[in-house]
Structure formats: structure tokens, C-alpha cells
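>>> any chance you could fold what I've pasted below:
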Amino acid sequence: MPFFRQDEQLQTMGNSLLETIWEKFPALGRHQIALTWIVYDPPVPVNTGGAISAAEFWQYPVRGFSYRGVERIFPASIVKLFYLVAIHEWLEKSMAATSAELERAIRDAIVDSSNDATSLIVDVLTGTTSGPELPPAPFATWQQQRNIVNRYYQSLGWEELESINVNQKTWGDGPYGRERAFLGELMDNRNMLTTNATARLLHAIVGGVAVSSGRSQAMMNLLKRNLNGVELSSPTDENQVSGFLGGGLPPNAQIWSKAGWTSQVRHDAAYIEISEQQPCLVVVFIEGKVNGQNREILPFIGQQLALLTP
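Next up is the predicted model:
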């Protein structure tokens, strides 16, 4: 069963939101956006500091709206959310040992969206390293190890995770050597996520039930974004607020988020609290070269969400 239930009110509001987006940005095709929106009705079961047990948390009904929420889309740096939860699981189960360097990498991968930091995390998670191409037998073993994070997420039994792929590092220029071979000639082994899968994982983090309440809170601390005084030193800088959902929120809002972007996509996944409004969680994936470079779409969506009162 999906982790949220759809209702008529949110369906109407979600459809209206999409029409408003397409009217504002006519270059954005109907097949170039995917969106999952969760609204938390009182009593709000999230951001409680781990006051609710996992068993109790998953019994709380939440309302949601989804548009193309099951479509597999290249996630860019959104995948770092999945590596964040996985590395905390490994540390919790003593499958990996903490160190100052690993802690630095975890922080930089989420706070600054560093690809180099993410590379270390993937190495620790999988016991593999990048490098030259390998002979067939060692390469088969290497690939088996690299799929351990996929096996972990499949073991959770969440239907939203059935179609995802999270076995690739994130890159600046792109993969080389064994990494390029692993990607596949047609890049058919790319990371792939859906907005529904991403929403459920973020829902678990915000709910305090991802790995443990303490580790969920540590993840939340890294995802917290500052909306006040955010400035860019150049148009090419990214801070995961300007040009993303947080860029359209009012000053009294709080946001915990992870963005992802390339020249072809622009995504954001966020939990949002605004004074005197119900908290919400929203995941938006935007595709297409023109749209991926448009820094106004996601702030506009954030602004519109702030005006909605389900």
C-alpha cells in the first residue's frame, strides 16, 4: 500500500497548482515534471524529535497528491538522501566504522552537495573503489558489491522503492574506467528515482524513524536550510535555496531539503513548516535542458505552495 492516501480536496488543489505552473512556464512539458505533495494534518506526526515509535508512526494516515509520482527519473544529487540514510544504517549496525573523514564527507555531501564527498560514502557503503576497468570475474564481484545499497532498500519492503536504482556515484565531469563500464553503454544502469520513493524516504527521516530517532535528527540537522540572508557570489553558485523551493518561501518559513541539478534536470525534495499553516512535504523533479537551467520554476512552486491552505 502507498504510504499516503489521496483525497478529493488535495487532488483538486494539486491539479490547480500544476495548471498554474504550466501557465507560468509554457516551455515546461506535462511529461517534464513529476510531483509528490504530502500534507500533515493535526496531530502532526513529524519533526517530533523521535517522540513516536516507528510502529506507531507508520499507522498515522497522511494525505497526499501525486503527479507522475511513479515515473523513473534521473535524480542527480537527490540520490544523496538515499546514501545518507544508508550510511547511518551501516554505522548503526556496525557495518562501517565512523571516522573524522567519513563524518566530514557525510556533512559535505548533504550541506554542500559535494560529489567528491559522496564518492567516499559510496566506497564505505559498498567496499568498492573507482579505478581502471577490471577483468570480467573481478568486475562481476565489484558490481555485486556495488548493488548492496539497492539490496538494502529492497529489504525494507516499501512498494515505492521497487523500481529505484541507487548504485552509482555522482559526478562533475562524469565516470571513467570501471565506473563508466558499470553505467552501461547506453547508461541504462543510471541512478533512477521517483518522487513517491523520495517522498517516502524523506517522510521517514522527518518522522524520526529512518534508522533511529537520534540518527534521523542528525540527518535533519544536515538538511536544515537557512532562508535568511542567502546570497550567491555568482550566477553559477548553488546553495540549495536560491533557485529551488526555498527561494519562494516567506521569511517565517523553515525548510529541510536536498536539491539535485545538472544541465538537464532540476529537482528538490523538502519538508516545509510555515507559521499558522499545516506542515507539508514536497518532492519536485523537473526535466529538460531549458527547464533544468531555469532557476525560477522551483521558487515559483514554493511560493504557490505557501499560498495553499489545505
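>>> state the number of residues packed around the closest residue in space to residue 66 that isn't next to it in sequence.
Spatial nearest neighbour of residue 66, chain neighbours left out: residue 36 (4.8 Å); criterion: Cβ to Cβ, 6 or more residues apart in numbering. C-beta coordinates here come from the backbone N, C-alpha and C atoms, glycine included. When counting by other Cβ atoms under 10 Å, one arrives at 30 neighbours for residue 36.
>>> the helix or strand that residue 36 is a member of pairs with which strands?
If you go by DSSP states H and E, residue 36 is part of strand 33-39. Next to strand 33-39 in the sheet, as set by DSSP bridges, lie strand 63-67 (antiparallel), strand 280-287 (antiparallel).
>>> could I get these as JSON lines with distance to residue 40?
JSON lines is the format used below for the strands paired with strand 33-39 (distance: least, Cβ to Cβ, whole Å):
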{"stretch": "strand 63-67", "distance to residue 40": "8"}
{"stretch": "strand 280-287", "distance to residue 40": "7"}
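>>> my guess is residue 257 meets residue 223, correct?
Yes - under the criterion of Cβ atoms under 8 Å, residue 257 makes contact with residue 223 at 6.1 Å.
>>> what ranges do the helices span in the chain?
Secondary structure of the chain (DSSP state H): helices located at 8-24, 54-57, 79-92, 100-111, 115-126, 136-146, 148-155, 178-183, 195-206, 213-223, 289-292, 297-307.
>>> can you list contacts of the fourth one?
Pointing back at helix 100-111 there. By Cβ atoms under 8 Å, 6 or more residues apart in numbering, the surrounding residues in contact with helix 100-111 are 80-81, 83-84, 87, 96, 114, 116-118, 120-121, 124, 219, 222-223, 258.
>>> filter those to the buried ones?
The neighbour-count test (16 or more other Cβ atoms under 10 Å) marks 80-81, 83-84, 87, 96, 114, 117-118, 120-121, 124, 219, 223, 258 as buried among these.
>>> let me know the closest of those to residue 171.
Closest to residue 171 out of those is residue 118 (9.3 Å), distances taken as Cβ to Cβ.
>>> circling back to that earlier point, got the CA coordinates for the strand holding residue 36 in CSV?
Provided in CSV are the C-alpha atoms of strand 33-39 (Å, rounded to 0.1, in the frame of the first residue of the first chain):
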residue,chain,number,x,y,z
ILE,A,33,7.5,17.4,-14.2
ALA,A,34,6.8,14.9,-11.5
LEU,A,35,5.5,16.0,-8.1
THR,A,36,4.5,14.4,-4.8
TRP,A,37,3.0,16.6,-2.1
ILE,A,38,2.2,15.4,1.4
VAL,A,39,0.1,17.5,3.9
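>>> contacts made by that strand with the rest, please.
Taking Cβ under 8 Å, 6+ apart as the rule, strand 33-39 contacts 4, 10, 14, 17-18, 21, 62-69, 71, 73, 194-196, 198-199, 203, 278-287, 291, 301, 305, 310.
>>> that one vs helix 8-24, what angle?
140 degrees (axes from the mean of the first three to the mean of the last three Cα atoms, to 10 degrees).
>>> thinking again about what came up before, per-residue pLDDT, the residue nearest to residue 66?
Residue 36 is assigned a pLDDT of 98 by the prediction.
>>> ok, residue 230 next?
With respect to pLDDT, residue 230 scores 62.
>>> also residue 234?
pLDDT, residue 234: 49.
>>> find the residues that touch each one of residue 257 and residue 223.
residue 271.
>>> tell me the contacts of residue 61?
Counting by Cβ under 8 Å, 6+ apart, residue 61 makes contact with residue 5.
>>> same deal with the one 5 residues further on?
When contacts are counted by Cβ under 8 Å, 6+ apart, residue 66 is found next to 4, 6, 14, 35, 36, 37, 195, 196.
>>> among those, name the buried ones.
4, 14, 35, 36, 37, 195, 196.
>>> noted, bye for now.
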